[in-house]
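**Q** structure here, sequence nowhere to be found:
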């Protein structure tokens, strides 16, 4: 029998200089060079100035290499174990401004990946590679979804509820979790959902009674400052009629219902009091106080999902012990209702400070904001339009940019050059709202746009502070309705806050909106200072800007990836990061659970302790 091979008419008609043809040629040549282990050829396919960001697929790490020397080093250390193949485009590439952009898929020895390639005439300029699935350990979705009901007659069968109750009862008693997640807020819940779908035995513990209580306990005016498209959780997106900026209690209820629907093993009323790693046994021993009794768990991996902004940074100011009024950190602020007619001094001038000042003013408090250093402010509507509109908006969705695509586009921009993309956007914002900024300056408020003019996102990535997304409270300062004082706090008296220039601010309440410390502070509290110092500072890029000391590290320190402490991980960030990076952390943990080799490329060194 003779088989006739039909010609590829589509390929024959494809222009040889089209974006598709250029990408096809690059992918084919790249794959061939990798298959032949020809590093010189593979490296030569990259532009002299280039960036390759890998999320787990090649490196079992979250890392970025720069320029051809970096590409060579990554391939030299990872190629043999990764054995990549099957590089292809998942949709037609596009070209603009001399850059051809292509969505790609590929396979590795252990899984499946996707990524984003940008080509110039010099070769690959940026390459993002991500692992999204482990072969043989796929999530039970689509055609692989579970049956649920067991049809037929069977004596002694257990219902779904009975199986879930038996599973919960056994955990910590006759079975042990492979992963213990300490912190049951948005980050812990997102990771718990990922681990559940991957079949990784895990428990998420939190000292609050119910999921979402972290939001319920905050002041009533609190809401998300990021828009709904940016804030989806894994698997279950917010409904189409969900508000653009969700109020805190609505988010709390969503987290609680999400935890139930996604069957996240979530233990409320549970506080982790101590943890220690047994190197010989390869496991943690974690002591918990749960519902009035002490319990010991022995997970193989410990994840601290206690919040990138979770450990309050409470200053030590002379006179705090003699102040006769009330004082608390912004994270403990109960809301404005009890402070009508009271004199309130809010120390700080970032997101929480503005939110709290605005709510207090609405409830007839006499409010003074103390600005200690300059603040970057961007108006919410302007940020949504110029800063987020092309990625996270109804406009983006209509253009085919789903949240999943937006996450990868954002992830594909190397941190080293991300500020160059951000500066023009913030220049536009500054021009659009020039009158607003003039009013703030006239009121004496010290503004900044980041040390290089790159604005909010870079400030967030570098230091996690120093900004306010204005949802209205800034006008109160500009109009003098919230009074403004400038300077450092020197001391407190029995009834006032005294600044370093001698200014005395009478106060019945002092709110310390003074931010949060590095997440390794939680490791110090739960494990030891030695382990906290071993893993070092959490968050920041090493940009050598304020609160982000160098040297350059190129990725978020210690987040979502292996640390210098075996089997200790950090997870968190905003809802976008909790959603997106929980996938890569879950895959790293799943691979270890099933015995897939995970040689880590470039485990990050420690340069700073806190």
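**A** That came in fine, so what should we check first? Just so it is clear, the structure is predicted and the values come from calculations on it, not from any experiment. Numbering: from 1, shown residues only.

**Q** show me the helices in the stretch 351-500 of the chain, by range?
**A** 351-362, 380-382, 394-398, 403-412, 415-432, 434-442, 456-462, 473-478 (DSSP state H, counting those that start in this stretch).

**Q** how about residues contacting the second one?
**A** In this structure, residues lying in contact with helix 380-382 by CB atoms under 8 Å, 6 or more residues apart in numbering are 225, 245, 429, 432-433, 469-471. In this view, the C-beta of every residue, glycine as well, is placed from N, C-alpha and C.

**Q** drop anything exposed from those residues.
**A** Buried residues within the contacts of helix 380-382, counting neighbours by 16 or more other CB atoms under 10 Å: 225, 245, 429, 433, 469-471.

**Q** can you list the strands that the strand ranked longest in the chain pairs with?
**A** When the chain is scanned for its longest strand (criterion: DSSP state E), the result is strand 123-134. Using DSSP bridges, the strands paired with strand 123-134 are strand 46-55 (parallel), strand 111-120 (antiparallel).

**Q** name the residues of the first one that come out as buried.
**A** Read it as strand 46-55. 46-47, 50-55.

**Q** max pairwise distance over the residues you listed: which two?
**A** 47 and 55 (21.1 Å; CB to CB).

**Q** any idea how far residue 110 is from residue 60?
**A** Counting by CB to CB, to the nearest Å, the separation of residue 60 from residue 110 is 10 Å.

**Q** more neighbours, these two?
**A** Taking neighbours as other CB atoms under 10 Å, residue 60 and residue 110 compare with residue 60 leading, 27 against 22.

**Q** can you classify the closest residue to residue 264 other than its chain neighbours by secondary structure?
**A** Spatial nearest neighbour of residue 264, excluding adjacent residues (CB to CB, 6 or more residues apart in numbering): residue 192 at 3.9 Å. For residue 192, the assignment made with DSSP: H, G, I helix; E, B strand; the rest coil gives helix.

**Q** kindly report the same for residue 296.
**A** Relying on three-state DSSP, one would call residue 296 strand.

**Q** dig out what it forms beta bridges with.
**A** Here residue 296, judged by DSSP bridges, has bridge partners residue 287.

**Q** residues in contact with it?
**A** Counted by CB under 8 Å, 6+ apart, residue 296 has contacts 285-288.

**Q** show me where pLDDT drops low in the protein?
**A** 1-16, 309-310 (pLDDT under 70).

**Q** nearest to residue 20 among the buried ones among the contacts of helix 380-382?
**A** Nearest member of the buried ones among the contacts of helix 380-382 to residue 20, counting by CB to CB, is residue 429, at 35.9 Å.

**Q** how many residues are close by residue 308?
**A** 23.

**Q** then residue 298?
**A** Count around residue 298 with other CB under 10 Å applied: 14.

**Q** pretty sure it contacts residue 176?
**A** Yes - at 5.1 Å, residue 298 counts as touching residue 176 under the criterion of CB atoms under 8 Å.

**Q** residues that sit against both of the two, list them.
**A** With CB under 8 Å, 6+ apart as the test, residue 298 and residue 176 reach no residue in common.

**Q** possible to save the helices of the stretch 351-500 of the chain as CSV with distance to residue 579?
**A** Converted to CSV, the helices of the stretch 351-500 of the chain look like this (distance: least, CB to CB, whole Å):
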stretch, distance to residue 579
helix 351-362, 20
helix 380-382, 21
helix 394-398, 16
helix 403-412, 7
helix 415-432, 19
helix 434-442, 32
helix 456-462, 16
helix 473-478, 28
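
**Q** show the contacting residues for residue 51.
**A** Counting by CB under 8 Å, 6+ apart, residue 51 has contacts 64-67, 125-127, 414, 416-417.

**Q** list the buried residues of the strand or helix carrying residue 196.
**A** Using DSSP states H and E, residue 196 maps to helix 186-197. Residues 186-197 are the ones in helix 186-197 that count as buried (16+ other CB under 10 Å).

**Q** name the nearest residue to residue 38, ignoring sequence neighbours.
**A** residue 32 (8.0 Å).

**Q** name the helix or strand for that neighbour, please.
**A** helix 19-35.

**Q** which of the residues in that helix are buried?
**A** Buried, per 16+ other CB under 10 Å, within helix 19-35: 19-20, 22-24, 26-27, 29-31, 33-34.

**Q** picking that back up, can you state the direction angle for the longest strand of the chain and helix 19-35?
**A** In terms of direction (axes from the mean of the first three to the mean of the last three CA atoms, to 10 degrees), strand 123-134 departs from helix 19-35 by 70 degrees.

**Q** mind listing residues that contact the helix or strand following strand 123-134?
**A** As assigned by DSSP H and E, the chain's next helix or strand after strand 123-134 is helix 160-170. Helix 160-170 is contacted from outside by 148, 158, 263, 265, using CB under 8 Å, 6+ apart.

**Q** chain center to helix 160-170: distance?
**A** 32 Å (CA atoms, centre = their mean, to the nearest Å).

**Q** direction included, what does the next helix or strand after it pair against?
**A** Using DSSP H and E, the helix or strand that follows helix 160-170 towards the C-terminus is strand 179-182. Using DSSP bridges, the strands paired with strand 179-182 are strand 202-205 (parallel), strand 301-304 (parallel).

**Q** out of those, which gets nearest to residue 229?
**A** That would be strand 202-205 among the strands paired with strand 179-182, by CB to CB, at 25.7 Å.

**Q** show me what the helix or strand just after that closest one is packed against.
**A** Beyond strand 202-205 on the C-terminal side, the first helix or strand identified by DSSP H and E is helix 213-216. Helices and strands touching helix 213-216, by 3 or more CB pairs under 8 Å, 6 or more residues apart in numbering; DSSP states H and E, are helix 248-261.
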